[in-house]
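>>> Dropping the sequence and predicted coords here.
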Amino acid sequence: MQNPDDLVRATQIELGEPVSAPSVGVDGLEVLPGELTDDVIAAPGGGDVVSHGGMGRRILSVFVENKLAVAGVVIIVFFVLFCYVGPLFYHTNQTNASEALLSPDNAPPGNGHPLGTDSSGFDILGRLMFGGQVSLLVGFAAAAVASIFGATYGAISGFFGSWVDSFMMRVVDAFLSIPVLFLAIVLATIFRPSLVVFIFVIAFVSWLIPARLIRGQALSLRIREYVQAVHVMGGSKRRIVLRHIIPNSIGTIIVNATFNIADAILLLAALGFIGLGVPAPQTDWGSMLSNGVNYALDGYWWEIYPAGLCIVLVVVAFNFIGDALRDALEVRLQQR
Amino acid sequence: MIGFLVRRLIQAVLVVLGVIAFMFILIHLIPGGEARAVLGPKAQPIAIAQFNKVNGLDLPLWDQFAHYVWNLSRFDLGRSYTLNQSVTSLIAEALPKTLILVGLATLLALVIAIPMGIYQVVRRNKWDDYVLTGVAFILYAVPAFLLGTLLILWFAIYIPIFSTEAPQSDSIWGILSDPKALVLPVVTLAAISIASFSRYMRSSMMETMTEDFVRTARAKGAGPQRVLYVHALRNAIIPIITLLGLSLGTIVSGAVITESVFNYPGMGLLAINSAFKEDLPTLLGVTFVVTIATIVGNLIADILYAVVDPRIRYAKS
């Protein structure tokens, strides 16, 4: 299958020029290079819509069309501001346990504590910010580590193929067959958890899916003409993997990373809930929930609902964003 | 078919070997080694040397690995330091309980999700389809630990219909004869599966309805009910088998949370408790058994799928 567009793209990438996406008309015929700036997209009604602007803008427009995704972004921005900027305006003691004991414990909302206090006397609104910092940080960092490592691993595996690929993928299979939570518990027990260790423990259980996905992409990319052209021109294997296979899988990587953030936050919350969360005086939303559940019989609802709501909102928001990114990045890219 | 079976079996054996190797590496990653974990941080070097000698930890790594595999093949998973009991006996107590929980929850999920998916296809793009889609989405979004907590709060404390704890009986019969205590844990664990199974059932059924054989059945004069339940359903339900196999890991992970929320002494709670006590032989033993169970479940699902659907057999060979 000859595809001149790919060669054009490959040389453009080599020369560092901006890349315009080759596109395909509604009937699947290739659009001539001269028409590249005016892309033809199938409209739902069946007619043609001509969109102007580059790839980035087009991706953005598809993303913004999705109301749930916009809601997701709003929620995430809110929580990032809430957790990181909030404490600048709302000062509470969240680290000094002995000082916290001086304030009333398990106090209902009111009296200077808008969401009450927990069993150690910490202010819950402030604690949501404090714990949220941990949840968000671990979520982002673990997803980043997992995506970078998983993508590189998958790209190498798919690019080299044959026995290297079989071996590397059997390793992934073996890890994937260990139920996630058990693996996380084992790792969190062996390596005494600090915040950094947590990031790596969660990354360790979440790099497998991106590795598989990118490996699939690499399998199809390595036989594409522009990759072979690099090979013929004397480009090293390292260059092909790092400069061609990974950049061309970036859509898949980003989409998966978004879901990974949600899963990482959820996993941290689950570990926190079963009591293997970040060590005190640090906390995370899962640990807060776990703490509140101990007082479920006493009716201290303010120790359960706020933390639970934070977890659900953030996780759902990242899922919305991931869904929309998949529509915006992958489908559009695959339509070429 | 034989070729497919052999290939699939070899693959499963390789994965099991990989898991064993990983477990072995983990044991040797314990900070300070196994001896320190047992004897405590202040143990004398001579005591550690003695412990290593008695337990064969001074042998070359290869010998230790061979020993480890040999022990595993005899179902010897080592001894729990803290409980001073063989890990195998601990697992023998906990495993049936987890199997009951996982089995009942999966059954409930299937019983609810399959009719739900079919109903959504019959009423596709009408208001009740959207409502059920919304319900599935909510079930999917609420993590098991939160759902379990809320169920306890609402249906065991505010409206005391069910118990806050899972059945604590030691016998299987004792557990099954306490439905009041069993309802909430089973529902909690089933919820996530209901969400994904029903979505899958809906899309699988939708896809089947566009197949040629469905059109042929219609053309031959089969009524809508017959087309739906005799022609489409039988084909649409097959992929659920694979989904079941693939979901096993998730369900088992969910069981850890459910057992923790409802204090149900199965494999998950055993793992959590041994994690707290840093009882690594038990933790690794439990993880190993659960993993093997997941691999075997996956294997059975794959084989069943090939047996039920001949198209798969030919496509794969």
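Good, I have the coordinates.
>>> Closest residue of the stretch 151-300 of chain B to chain A?
Nearest residue of the stretch 151-300 of chain B to chain A, counting by CB to the nearest CB: B:S253, 3.8 Å away. Every residue, glycine included, has its C-beta placed from N, CA and C.
>>> can you give me phi and psi for that residue?
phi -60, psi -40 (degrees, to the nearest 10).
>>> same question, B:S177
Dihedral angles (degrees, to the nearest 10) for B:S177: phi -90, psi 10.
>>> Next up, the contacts around it.
Shown in contact with B:S177 (CB atoms under 8 Å, 6 or more residues apart in numbering or on different chains): B:S169.
>>> before we move on, the earlier item: any idea how many residues pack against the residue of the stretch 151-300 of chain B closest to chain A?
By other CB atoms under 10 Å in any protein chain shown, 25 other residues sit near B:S253.
>>> what sits against it?
B:S253 touches A:179-182, counting by CB under 8 Å, 6+ apart.
>>> Just the residues you listed: which are in helices?
Counting by DSSP state H, the members of the contacts of B:S253 that fall within helices are A:180-182.
>>> What score does the closest residue to the residue of the stretch 151-300 of chain B closest to chain A other than its chain neighbours have for pLDDT?
Distance criterion CB to CB, 6 or more residues apart in numbering or on different chains; nearest residue to B:S253, sequence neighbours excluded, is A:L181 at 3.8 Å. Looking at A:L181, its pLDDT stands at 87.
>>> Are we agreed that B:L132 is in a strand?
No: under DSSP: H, G, I helix; E, B strand; the rest coil, B:L132 falls outside any strand and is assigned helix.
>>> where's it relative to B:M116, distance?
Look at B:L132 and B:M116: by CB to CB, to the nearest Å, they are 6 Å apart.
>>> Now do the shared contacts for those two.
With CB under 8 Å, 6+ apart as the test, B:L132 and B:M116 both reach B:S198.
>>> biggest helix in the chain, by residue count?
If you meant another chain, say so; for now it's chain A. Identified as the longest helix of chain A according to DSSP H is helix A:124-160.
>>> look at chain B instead
For chain B, the helix with the greatest residue count under DSSP H is helix B:87-122.
>>> For that helix, name the packing helices and strands.
Counting contacts by 3 or more CB pairs under 8 Å, 6 or more residues apart in numbering or on different chains; DSSP states H and E, helix B:87-122 is packed against strand B:79-80, helix B:127-141, helix B:172-176, helix B:179-209, helix B:238-262, helix B:267-276, helix B:280-308.
>>> Can you give me the distance of B:I175 to B:L104?
Taken as CB to CB, the span from B:I175 to B:L104 is 10 Å.
>>> Could you do B:E278 as well?
Going from B:E278 to B:L104 by CB to CB gives 32 Å.
>>> quick check: domain ranges of chain B?
What automatic domain parsing lists as the domains of chain B is B:2-73, B:87-308.
>>> Quick check: which of these is buried the most?
Greatest average neighbour count among the domains of chain B goes to domain B:87-308 (a mean of 19), per mean count of other CB atoms under 10 Å in any protein chain shown.
>>> pLDDT of it, averaged?
Averaging pLDDT along domain B:87-308 gives 84.
>>> Span of it from start to end?
38 Å (CA to CA, to the nearest Å).
>>> mind checking pLDDT for A:A141?
A:A141 carries a pLDDT score of 93 in this model.
>>> Next, name the residue at the spatial heart of chain B.
Geometric centre of chain B, nearest residue: B:V252, 2.8 Å, by CA atoms, centre = their mean.
>>> Please name the nearest non-neighbouring residue to that one.
Leaving aside its sequence neighbours, B:V252 sits nearest to A:P179 (CB to CB, 6+ apart; 4.5 Å).
>>> Angles on the backbone of the one you found, please.
According to degrees, to the nearest 10, A:P179 has phi -50, psi 130.
>>> give the contact list for it.
By CB under 8 Å, 6+ apart, the contact list for A:P179 reads B:249-250, B:252-253, B:256, B:287, B:290-291, B:294.
>>> Now name the helix or strand holding the closest residue to chain A within chain B.
Nearest residue of chain B to chain A, counting by CB to the nearest CB: B:G18, 3.0 Å away. According to DSSP states H and E, B:G18 maps onto helix B:2-29.
>>> what about that helix, average pLDDT?
Mean per-residue pLDDT for helix B:2-29: 83.
>>> Now find how far off-centre it is within its chain.
Offset of helix B:2-29 from its chain centre (CA atoms, centre = their mean, to the nearest Å): 18 Å.
>>> Spell out which residues of the stretch 51-200 of chain A are next to chain B.
Contacts of the stretch 51-200 of chain A with chain B, taken as CB under 8 Å from any CB of the partner chain, map to A:170-171, A:173-183, A:185-186, A:188-190, A:192.
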